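Trainee: Need coordinates for the following:
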Amino acid sequence: MNRRTTVFPLLAGGVATVALLAGCATTVAAGSGSTASATGAAAGAEATQDAAAVLAANEEVHTFTDDAGGDASATAIALSDGTATVSGTDAGSVTVDGGTVTITASGTYRVSGELTDGQLVVDSGDTGTVRIVLDGASIASSTTSAIAVTAAEEVVLVLADGSTNSLSDTGSYPEESADDSTSTPNAALWSSADLLITGQGALTVTGNGNDGITSKDGLVIASGAITVDAADDGLRGKDYLVVDGGTLDVTAGGDGLLSDEDTDVTRGYVSVTAGTIIVTSGDDAVQAQTDVVVTGGALDLTAGDDGMHGDTALVIDGGTLDVASSYEGLESQHITVAGGDISVTASDDGLNAAGDTTTAADTDTADTDTADTDTATADTTTDATDEPDAVPGMGGGEMAAGDQTITISGGTLTVDSGGDGLDSNGSMTITGGTTVVNGPTDSGNGALDVNGDFTVSGGSLLATGSAGMAVSPGAASAQGWLSATETSTIDAGEIVQILAADGTELASFQSTKEFQNVVYSSSAVSSGASYSIVTGGTTAATATAGVAAAGTMGGGGGMPPGGGAGMPADGRRP
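Mentor: As a prediction, the model looks like this:
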C-alpha cells in the first residue's frame with residue numbers, strides 16, 4: 001500500500017518543490033556563502049569560485065568621499081530659459097555660456113530648474129570631489145549629453161531627498177562617439193571619472209542616441225530611484241558596475257547593466273549586493289566582460305538574449321533573481337550557485353557553462369548561437385557565447401570536456417528551459433541546495449547536459465525532460481540518484497510520485513510541461529535500491545538507483561555510446 005504525503009506547491013516557473021521524508025530532508029540555507037570549487041585555468045586544476053574570492057581577484061572599488069556636510073551651503077546653480085544663474089561661495093568656479101553650464105573646480109553644487117536645450121559640464125582642473133546635488137533639475141540637450149564629466153578626480157551625484165530629476169540627450173551622436181577608444185560623450189549622463197550616484201530622490205534618464213548612464217571608469221549606484229530608457233545600453237561602467245542599493249528600472253535596446261573593459265582581467269565586472277533591479281533589454285540584461293557576482297538584492301530580468309552573462313565567472317550567493325524571459329538564462333565559463341532564490345526561464349539553455357574554448361573540431365562556417373552572425377570559413381575558436389561543436393558521432397555527455405563548470409552548493413534554483421536545462425561543456429558538481437529543472441520537450445536537448453564529470457554529493461535535484469538526450473550523474477557521486485525513462489510521455493499537470501520498493505514516497509511533484517525522463521537525487525536515495533515512478537495510481541517506470549536510464553552512467557553518461565536520439569547526422573549540437 002502506498003503511503004502518500006501532501007503534494008507540495010509549485011516553485012515559480014518550474015516543477016514542484018521536492019518533498020523529502022522527515023528525518024531525511026536536506027536543510028538548505030540561502031545565502032550561506034558556502035565555498036564552491038571550479039575547474040581553473042588548466043583543466044582539472046581547482047580554483048575557488050565563491051563570491052568573495054572572485055571579487056578579491058578583481059580591481060577594488062573606488063572609495064568615494066561622500067560627505068553631505070557641505071550640502072546645505074552648496075553653490076546654487078539655478079537653470080532657466082536656456083541659461084543659468086549662479087550664487088554662493090564657489091560661484092567663481094562655474095561658468096555660463098548660454099545653455100552650457102561648466103563646473104571648473106571641486107566642491108559642492110546644488111542644481112535646480114530646467115534647461116530645455118543645454119548641458120551641464122564638469123571640467124575640474126584640480127583634485128578632489130565634485131559633488132552635484134540634483135534638486136528638482138531637468139536638463140535636455142538636442143546636440144550632446146545632458147551631463148558630461150570631461151575631467152575630474154571623482155564625481156558624486158546626489159539625488160536630493162524627495163526631489164524629481166530628469167536628463168535627456170540628443171537622438172544621435174557622431175559616428176566616432178560610438179568608438180570606445182575615444183573620450184567623446186555618448187550617453188545622457190556621461191563621465192570620464194569614477195561616478196557615484198546616491199541620495200533619496202528620483203532620476204529619470206532618457207538615452208535617445210546611445211547609452212543612458214556611462215562611466216569610463218567605475219560606476220557605483222548606492223541609492224535613489226533611477227529609471228533609465230536607452231537606445232543602446234542602460235547603465236555602463238567601463239571598469240566595473242556596482243549596485244549597492246536603490247531602485248533601478250531599466251529599459252535598454254542593448255544590454256541593461258554592462259561592464260566591458262577588455263584590456264585588464266581585473267576589470268570589466270558587475271557586482272550586485274543590494275537594491276531592486278528591473279531590466280528589460282534587447283540584448284543581455286546583465287553583461288560583464290569578466291565576472292558577474294550577485295550577493296544580494298532583488299533582480300527581475302527580461303532579456304532578448306542572456307539573462308546574465310559573465311565571460312569568466314558568474315556567481316550567485318544571495319538575493320532573489322528572476323529571469324522571466326531569455327534566450328539563455330545564465331551563461332559563463334564558470335557558473336556558481338551558492339545561495340539565493342533563483343528562477344530562470346529560457347527559450348534555449350537555462351544555465352550554460354561555455355566559452356573560453358579552442359577546439360580543432362570547431363570548423364563550422366556559422367557559430368551556434370543566435371547572437372553571432374559571422375560566416376568565416378575557418379572558425380577555429382569559440383567566443384564567449386559559443387559552445388564547442390560536437391565531435392561527429394558523439395552527443396550530449398560524450399563530447400570532449402572543456403574548462404567549464406557548473407557548481408551548485410546552496411540556494412534554490414528553478415529552471416524552465418526550451419533547450420538544455422543545465423548545460424556544462426565541462427563538469428558539473430552539486431553539493432547542496434535545491435535544484436529543480438523543467439527541461440525541454442524535444443528529443444534534441446536534455447534537462448541535464450554535461451560533457452565531463454557530473455557528481456552529486458548533497459542537496460536535492462529533480463530534473464524532468466525529454467528522453468532523447470537524457471544524462472545522469474556519474475558513478476563517483478557520493479549521494480544516491482536515480483534516472484527513469486517512462487514508456488510514454490507524462491502530460492503536464494500530472495501529479496507524479498517517486499516511491500521506494502516498500503511504497504514509501506520520496507518525492508511528489510507536478511510538472512508544468514510534459515516529460516518522459518526524470519532524474520532525482522537526495523539523501524533519501526540508496527544506491528542499488530529499486531524505485532518506481534507513479535502517476536494516477538499507475539507505475540510509469542521503474543529504476544535502480546545508480547543506473548542510468550539509457551547507456552552507461554558517469555560523466556554525463558546517460559547517452560548511449562556514439563550519440564543518442566535527436567542527434568543530427570552531422571554530429572552537431574541542435
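Trainee: isn't T102 right up against A84?
Mentor: No: no contact is recorded between T102 and A84 when judged using Cβ atoms under 8 Å, the distance being 10.2 Å. From N, CA and C alone the C-beta is placed, and that goes for glycine too.
Trainee: For those two, list the residues in contact with both.
Mentor: By Cβ atoms under 8 Å, 6 or more residues apart in numbering, T102 and A84 have these common neighbours: 94, 96.
Trainee: quick one: which of those two has more around it?
Mentor: Neighbours around T102 and A84, counted as other Cβ atoms under 10 Å, are more numerous at A84. The numbers are 24 against 17.
Trainee: and the helix or strand hosting the more buried one, which residues are buried?
Mentor: Element membership of A84 [criterion: DSSP states H and E] is strand 83-87. Applying a neighbour-count criterion of 16 or more other Cβ atoms under 10 Å, the buried positions in strand 83-87 are 83-84, 86.
Trainee: which one among the residues you listed gets closest to V315?
Mentor: Nearest to V315, judged by Cβ to Cβ, of these is A84 at 45.7 Å.
Trainee: Tell me if I'm right that the closest one and I77 touch.
Mentor: Yes: A contact is recorded between A84 and I77 when judged using Cβ under 8 Å, the distance being 5.5 Å.
Trainee: what is in contact with these two at once?
Mentor: Contact with both A84 and I77 is made by residues 94, 101, according to Cβ under 8 Å, 6+ apart.
Trainee: In contact with the closest residue to T150 other than its chain neighbours, which residues?
Mentor: Using Cβ to Cβ, 6 or more residues apart in numbering and skipping the chain neighbours, the partner closest in space to T150 is D123 (5.0 Å). Counting by Cβ under 8 Å, 6+ apart, D123 touches 102-104, 150-152.
Trainee: counting contacts, what elements does the host helix or strand of A484 pack onto?
Mentor: In this structure, A484 sits in strand 481-490 according to DSSP H and E. On a contact count with 3 or more Cβ pairs under 8 Å, 6 or more residues apart in numbering; DSSP states H and E, strand 481-490 meets strand 515-521, strand 530-535, strand 538-544.
Trainee: now whichever helix or strand comes after that strand, how far from the centre of its chain.
Mentor: Beyond strand 481-490 on the C-terminal side, the first helix or strand identified by DSSP H and E is strand 495-500. Mean C-alpha position of strand 495-500 versus that of the full chain (Cα atoms, centre = their mean, to the nearest Å) differs by 33 Å.
Trainee: Run the angle between the next helix or strand after strand 495-500 and strand 515-521 for me.
Mentor: Beyond strand 495-500 in the direction of the C-terminus, DSSP H and E gives the next helix or strand as strand 505-510. Using axes from the mean of the first three to the mean of the last three Cα atoms, to 10 degrees, the inter-axis angle of strand 505-510 relative to strand 515-521 is 140 degrees.
Trainee: ok, the helix or strand V437 falls within: who's next to it in the sheet?
Mentor: When elements are defined using DSSP H and E, V437 is found to belong to strand 434-438. When pairs are called by DSSP bridges, strand 434-438 turns out to pair with strand 412-417 (parallel), strand 460-465 (parallel).
Trainee: Turn those strands into a markdown table, including distance to L248 and mean pLDDT.
Mentor: Rendered in a markdown table, the data for these read as follows (distance: least, Cβ to Cβ, whole Å; pLDDT from 0 to 100):
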| stretch | distance to L248 | mean pLDDT |
| --- | --- | --- |
| strand 412-417 | 23 | 98 |
| strand 460-465 | 33 | 97 |
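Trainee: out of those strands, nearest to G234?
Mentor: Taking Cβ to Cβ as the criterion, strand 412-417 is the member of the strands paired with strand 434-438 that comes nearest to G234, at 25.3 Å.
Trainee: before we move on, the earlier item: got the CA coordinates for the strand holding A484 in PDB?
Mentor: Coordinates of each C-alpha in strand 481-490 appear next as PDB, following Å, rounded to 0.1, in the frame of the first residue of the first chain:
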ATOM      1  CA  TRP A 481      20.400   9.200  -7.600                       C
ATOM      2  CA  LEU A 482      18.000   7.600  -9.900                       C
ATOM      3  CA  SER A 483      17.100   8.100 -13.600                       C
ATOM      4  CA  ALA A 484      13.900   6.700 -15.100                       C
ATOM      5  CA  THR A 485      12.500   6.900 -18.600                       C
ATOM      6  CA  GLU A 486       8.800   6.400 -18.800                       C
ATOM      7  CA  THR A 487       7.300   4.200 -21.600                       C
ATOM      8  CA  SER A 488       5.100   7.100 -22.700                       C
ATOM      9  CA  THR A 489       5.100  10.800 -22.200                       C
ATOM     10  CA  ILE A 490       3.700  12.100 -18.900                       C
END
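Trainee: Hey, what's the angle from that strand to strand 505-510? Just curious.
Mentor: Computed with the same axes, to 10 degrees, the direction of strand 481-490 lies at 40 degrees from that of strand 505-510.
Trainee: pLDDT on strand 481-490, on average?
Mentor: Average pLDDT, strand 481-490: 94.
Trainee: In its sheet, which strands sit next to it, and in what direction?
Mentor: Strand 481-490 has these strand partners (DSSP bridges): strand 515-521 (antiparallel).
Trainee: so how far is Y109 from the closest residue to A105 other than its chain neighbours?
Mentor: Spatial nearest neighbour of A105, excluding adjacent residues (Cβ to Cβ, 6+ apart): S93 at 3.9 Å. Counting by Cβ to Cβ, to the nearest Å, the gap between S93 and Y109 amounts to 8 Å.
Trainee: So between those two, which is more surrounded?
Mentor: For S93 against Y109, the residue with the higher neighbour count under other Cβ under 10 Å is Y109, and the figures read 27 against 20.
Trainee: packing partners for whichever strand or helix holds the more buried one?
Mentor: Taking DSSP H and E as the criterion, the element that holds Y109 is strand 107-115. Using 3+ Cβ pairs under 8 Å, 6+ apart as the contact criterion, the secondary-structure elements in contact with strand 107-115 are strand 75-80, strand 129-140.
Trainee: By mean pLDDT, which helix or strand of this protein comes out lowest?
Mentor: Among the helical and strand segments of the chain, the one scoring lowest on mean pLDDT, DSSP states H and E is strand 37-39, with a mean of 31.
Trainee: I figured S427 was touching P473, is that so?
Mentor: No: the criterion here is Cβ under 8 Å, and S427 misses it with P473 at 11.4 Å.
Trainee: Now the common contact residues for the two.
Mentor: Joint contacts of S427 and P473 (Cβ under 8 Å, 6+ apart) are F454.
Trainee: Of these two, give the one with the bigger neighbour count.
Mentor: Between S427 and P473, counted using other Cβ under 10 Å, the more crowded position is P473 (32 against 26).
Trainee: Quick one: residues contacting the residue lying closest to S163 once chain neighbours are set aside.
Mentor: Closest residue in space to S163, ignoring its immediate chain neighbours: G201 at 3.8 Å, by Cβ to Cβ, 6+ apart. Neighbour list for G201: 134-135, 158-165, 224-225 [criterion: Cβ under 8 Å, 6+ apart].
Trainee: what do you get for A68?
Mentor: A68 makes contact with V158 under the criterion Cβ under 8 Å, 6+ apart.
Trainee: how far away is it from T435?
Mentor: Applying Cβ to Cβ to A68 and T435 gives a distance of 45 Å.
Trainee: what does V496 give?
Mentor: If you measure V496 against T435 using Cβ to Cβ, the figure is 17 Å.
Trainee: Then A152?
Mentor: In this view, A152 and T435 are 47 Å apart by Cβ to Cβ.
Trainee: The two: which is more packed in?
Mentor: Residue environment comparison for A152 versus T435 gives the larger neighbour count to T435, 28 against 23, counting by other Cβ under 10 Å.
Trainee: hang on, that one packs against L413?
Mentor: Yes: under the criterion of Cβ under 8 Å, T435 is in contact with L413, at a separation of 4.8 Å.
Trainee: Save the strands paired with strand 434-438 as JSON lines, and put in distance to A288 and mean neighbour count too.
Mentor: Supplementary listing: those in JSON lines, determined by distance: least, Cβ to Cβ, whole Å; neighbours: other Cβ atoms under 10 Å:
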{"stretch": "strand 412-417", "distance to A288": "20", "mean neighbour count": "26"}
{"stretch": "strand 460-465", "distance to A288": "28", "mean neighbour count": "28"}
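Trainee: Cheers, nothing more for now.
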